[in-house]
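A.B. asks: Turn this into a structure:
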Amino acid sequence: MSPLTQIILLPLLAAIAVLFIPRGRVALIRGLALAATAAAALLAVNVLLGYDAAPAGPGGYRFTQQAPWVASLGISYFVGVDGINLGLVVMGALVAFAAACVAREITTRQKEFYFLLLVMTGGILGAFSSLDLFFFYAFHELALVPTFIMIGVWGRGDGRGYAAYQITIYLTVGALVALLGLLALYFQSGAETFDLVALRAHVAVNPLPAAAQHVIFPLLLFGFGILVSLWPFHTWAPAGYAAAPAATAMLHAGVLKKFGLYGLIAVALPLLPEGARAWLPVLAWLCLGNILWCGLVAVRQQDLNLLIGNSSVAHVGFAFLGIASLTLLGVTGAVIVMVAHGFLAALSFALSGALRTQAGTLGLARFGGLLARAPFWGAMLLVALLAGCGVPGFGGFVGELLTLFGAWRSLPWFVVAATWGALIIAAVYMLRGVRLLLHGPAPADAPPFADLRGPGVKAPFLVLLFGLLSLGLWPRVLSDRAAASVAAIVAAATQTAPTGPAAPAPAAASLR
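C.D. replies: Coordinates of the predicted model:
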């Protein structure tokens, strides 16, 4: 059995076990959730450490396992990792463990919450491990459904109902559009399989007609884009994360939202090269909305969660820019941005959740001097906000720098705008948060807040910080492993289809 199967099964089996535990045994339920996510995280780290030594399987993927499911439709359980999804699996498992630790803030219906948390974790890890498009999509939906329920039942604030409906509508529409694109790809390819490796091999010899690619690619672009909060379809994200429990926001903003980015890189680019060259310039324009518009909106926020939520939407704009560049450096940068942002978003929402649990509010004007009153929490928040500014030493800096270098030759003015957004706008809203929350005198009516104490309480924050720093100080742990996989994706995406009239390739299509 592949260790990837074990990583997927651990939280799902734990979720089933939770159903048979009496709801009064909260300590047992919580202990089971922690044990399952910790074991999955350790297995994921072991996959990372053993990646280079593992033999390569079909398509260059490692730790593969395949079992037919519905042979007549070409559906099989097929899992494996390459340099692109390896970091997502490891990051997702670590964030899931941290989310299970942070879930101690839930005091009502704990049994149901931990069940949904474990199901969500299994779905996330399954989606990023799947090499069959049917299971790729099905695991994503398995992870998405708990998100709606957790916001609606355990959400915070007066607007939680509206936020739950908004996120449900947006993400359902996005998922349906993406599903339509995947089904169109299945039928138009003629391969009669959902096997991603087989599809790539088939399309390399029998490319889809350019006309079909120009229709299917935008379905995947906007379907996956809505799931990632591509501007202007992003408004569900800040409101949804502001209302969500901390553990839910950590898993969705940090991990599940990368599903759309991964889908664009692993599915849309190599299978639909003509469509990519026609539509990626549109993506380049839209990503500026993420970086600039959402950054400016973050500047005006008076609530910490809304600041973090809009910042999260702005940061994924750099991943979109790396994809739009269609270069080795740019797409590699997008892969690193996805993983680094996962750690950063999870750390930020974990910290805001700790503050909201104790203080009952996240209004920036209600606090002051928290660095002196709560040195551990304040130091963690300072690190998270500085990392959000793109300070060197953190993973986000490496990823964003690579995307900017990768996009420079083909999209120079977009790089100038994105750099301005990263250096100026991000610094303004992040340093504003530092000044209001951590420094200066506390207001007379400031709510009480005690620092985080004890190794068990501090552990999830330190795990996330370790991931963020490791990627920033030693990016080769991911970039070297991703190089060959990204090169193959970019080479496939920049080829010219011999069938049908080829669309003129913009400058963004050149591999440099």
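A.B. asks: Residue 76: helix or strand, and which one exactly?
C.D. replies: If you go by DSSP states H and E, residue 76 is part of strand 75-81.
A.B. asks: One more: residue 66?
C.D. replies: According to DSSP H and E, residue 66 maps onto strand 62-70.
A.B. asks: mean confidence score for the strand or helix carrying residue 307?
C.D. replies: Assessed by DSSP H and E, residue 307 sits inside helix 304-325. Per-residue pLDDT over helix 304-325 has a mean of 90.
A.B. asks: Could you identify the helix or strand that succeeds that helix?
C.D. replies: Past helix 304-325, the next helix or strand by DSSP H and E is helix 328-359.
A.B. asks: Return the distance of the helix or strand following that next one from the chain's centre.
C.D. replies: Using DSSP H and E, the helix or strand that directly follows helix 328-359 along the chain is helix 370-373. The chain centre lies 31 Å from the centre of helix 370-373; the measure is CA atoms, centre = their mean, to the nearest Å.
A.B. asks: can you list contacts of the helix or strand just after helix 370-373?
C.D. replies: Later in the chain than helix 370-373, the nearest helix or strand by DSSP H and E is helix 375-388. Here helix 375-388 makes contact (CB atoms under 8 Å, 6 or more residues apart in numbering) with 311, 315, 344, 347-348, 351, 354-355, 370-372, 394-397, 426, 430-431, 433-434, 437-438, 449, 451-453, 458, 461, 465, 468, 472. (Glycine included, C-beta is placed from N, CA and C.)
A.B. asks: Could the C-alpha coordinates of helix 375-388 be exported in PDB?
C.D. replies: C-alpha atoms of helix 375-388 as PDB (Å, rounded to 0.1, in the frame of the first residue of the first chain):
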ATOM      1  CA  PRO A 375       5.000  38.100  24.000                       C
ATOM      2  CA  PHE A 376       4.700  34.700  22.400                       C
ATOM      3  CA  TRP A 377       1.400  35.400  20.600                       C
ATOM      4  CA  GLY A 378       2.700  38.900  19.600                       C
ATOM      5  CA  ALA A 379       6.000  37.600  18.300                       C
ATOM      6  CA  MET A 380       4.200  34.900  16.200                       C
ATOM      7  CA  LEU A 381       1.800  37.600  14.800                       C
ATOM      8  CA  LEU A 382       4.700  39.900  14.000                       C
ATOM      9  CA  VAL A 383       6.500  37.100  12.200                       C
ATOM     10  CA  ALA A 384       3.300  36.300  10.200                       C
ATOM     11  CA  LEU A 385       2.700  39.900   9.200                       C
ATOM     12  CA  LEU A 386       6.300  40.400   8.200                       C
ATOM     13  CA  ALA A 387       6.200  37.200   6.100                       C
ATOM     14  CA  GLY A 388       3.000  38.600   4.500                       C
END
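A.B. asks: what helices or strands is the helix or strand just after that helix leaning on?
C.D. replies: Note on helix 375-388: by DSSP H and E, the next helix or strand toward the C-terminus is helix 395-408. Counting contacts by 3 or more CB pairs under 8 Å, 6 or more residues apart in numbering; DSSP states H and E, helix 395-408 packs against helix 304-325, helix 328-359, helix 375-388, helix 412-420, helix 455-473.
A.B. asks: Buried residues of the shortest one, list them for me.
C.D. replies: When burial is assessed from 16 or more other CB atoms under 10 Å, helix 412-420 yields the following buried residues: 414-415, 417-419.
A.B. asks: Among those, which one lies nearest to residue 165?
C.D. replies: Comparing those against residue 165 with CB to CB places residue 418 closest, at 32.8 Å.
A.B. asks: pLDDT at residue 183, what is it?
C.D. replies: In this model, residue 183 carries a pLDDT of 93.
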